[in-house]
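Participant: For reference, the sequence and a predicted model appear below.
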Amino acid sequence: MTASENNISILGCGWYGLELAKELVTKGYTVKGSTTTASKIDSFKQLGILPYLVDFEEDRESFSPDFFNCDLLIISIPPKRSTAEQHTFLAKIKRIAKTATIYKVPQVIFISSTSVYGDKNGEVTESTPPAPDTDSGKAIWSAEKLLLESPGFTPTILRFGGLIGPARDPGRFFAGKSNIANGNAPVNLIHLSDCIGITLNIIERRAYGHIYNACSNEHPSRSDFYTKAAVASGLEKPEFIDELKDWKLVSSINIPAELKYVFRFSINRLVLQ
C-alpha cells in the first residue's frame, strides 16, 4: 500500500460497510465513513473511522467536499424494496456520480446484487446480460449502467449474492415454516467474512474496472441448506416443497481470474475456514 492508495471513503456504513470500515482501519487505511444519523458520529470516532454526515436524498442533499477527497469511493446504499424507489434510487446514484466526478474521485466500487440477473433457470456469470425481475433488481441494474457509463472515474461493480453472517443467521430465515416453495432450487449466498475479504482483495490488488459476481461456489438446494442451518441454530426444521421453479446458479469468472481469492466460509458446512 502506498500513500496515494491510503484514503478510502465509504458511502453507507451499514451491515457490510461498517465492518469493512473497521477492517480497513486495522490495516492502516484512512477511512471516511458516512452516516445520515448524527448520533453515530461518536461511535465512528471510537472505531477510528472519520465520520461525515452525508445525505443524497433529493430534498435534503448535504455533504462535506472533504468526504470526496479520496482515492477510492465505495457506494454501499441498497435501494428499498418498492416501485417508487426504482426511480428515486437512480436519481440518488446520479447525484453521487456527479459529485464524485466534480471532486475527481479516481476509483468507485459500487456494491450491487446478483438480483440483476433475475431467475434464468440456468447458470449466470459476469458475461450474462442482466434481466432483473424485481423492483430492487431493476433499480440496481439501472444504477450499474449509469456508473459504468460515467466518464469521470473507473467503476468497479461488486455483485453480492444473498447475505448471511452476524445478525443474518440463515437458520432463522425459514425455521418452523412449512410448504415453502422451490425446495430444489440452488442457493446463491455469501458470508460477510467473504464480502469483506473480496473487497480487500480488490483494493490490495488494485483490481479495479471489472464486474465481480461475489457468491460462494457452493450451491446446495434451498431445502438442504436451510434445514441444516435451522438445526445448527437449534431451531425447528422447515419443510420445503420438492420442486424446482424459477432459479439461477450464480458463478464467477472474474474472482478466480483477477483475484485468486479462496472463500473462507463453507456454505455446505456452515463454518469459517
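Facilitator: Good, I have the coordinates.
Participant: For the rest of this, base every contact and every neighbour count on C-alpha atoms.
Facilitator: Fine.
Participant: now the helices for the stretch 101-250 of the chain?
Facilitator: 135-148, 192-205, 222-232 (DSSP state H, counting those that start in this stretch).
Participant: I'd like the ones you listed as a markdown table, with mean neighbour count, distance to Thr125 and mean pLDDT appended.
Facilitator: Conversion of the helices of the stretch 101-250 of the chain to a markdown table gives the following (neighbours: other C-alpha atoms under 10 Å; distance: least, C-alpha to C-alpha, whole Å; pLDDT from 0 to 100):
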| stretch | mean neighbour count | distance to Thr125 | mean pLDDT |
| --- | --- | --- | --- |
| helix 135-148 | 21 | 15 | 95 |
| helix 192-205 | 18 | 17 | 97 |
| helix 222-232 | 20 | 20 | 96 |
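Participant: now for these, which one comes closest to Glu23?
Facilitator: helix 192-205 (8.0 Å; C-alpha to C-alpha).
Participant: any idea how far the closest one is from the chain center?
Facilitator: Here helix 192-205 shows a centroid-to-chain-centroid distance of 11 Å under the convention C-alpha atoms, centre = their mean, to the nearest Å.
Participant: same check, this time on stretch 166-174
Facilitator: 17 Å.
Participant: now it: mean pLDDT?
Facilitator: Stretch 166-174 shows a mean pLDDT of 96.
Participant: and Phe160, which of the helices of the stretch 101-250 of the chain is closest to it?
Facilitator: Per C-alpha to C-alpha, nearest to Phe160 of the helices of the stretch 101-250 of the chain: helix 192-205, 7.5 Å.
Participant: contacts for that closest one?
Facilitator: 1, 16, 19-20, 23-24, 160, 163-166, 207-208, 214, 259, 261, 263-265 (C-alpha atoms under 8 Å, 6 or more residues apart in numbering).
Participant: let's see it at 7 Å
Facilitator: Tyr16, Leu20, Leu163, Ile164, Gly165, Tyr208, Leu259, Tyr261, Phe263, Arg264, Phe265 (C-alpha atoms under 7 Å, 6 or more residues apart in numbering).
Participant: Name the nearest of those relative to Gly48.
Facilitator: Nearest to Gly48 among the contacts of helix 192-205, counting by C-alpha to C-alpha, is Leu20 at 12.4 Å.
Participant: Leaving out chain neighbours, which residue sits closest to that closest one?
Facilitator: Ile196 (5.7 Å; C-alpha to C-alpha, 6 or more residues apart in numbering).
Participant: roughly how far apart are the one you found and Ile111?
Facilitator: Going from Ile196 to Ile111 by C-alpha to C-alpha, to the nearest Å gives 12 Å.
Participant: Which helix or strand in this structure has the lowest average pLDDT?
Facilitator: Ranked by mean pLDDT, DSSP states H and E, the weakest helix or strand in the chain is strand 271-272, scoring a mean of 80.
Participant: Right, I'll call it a day here.
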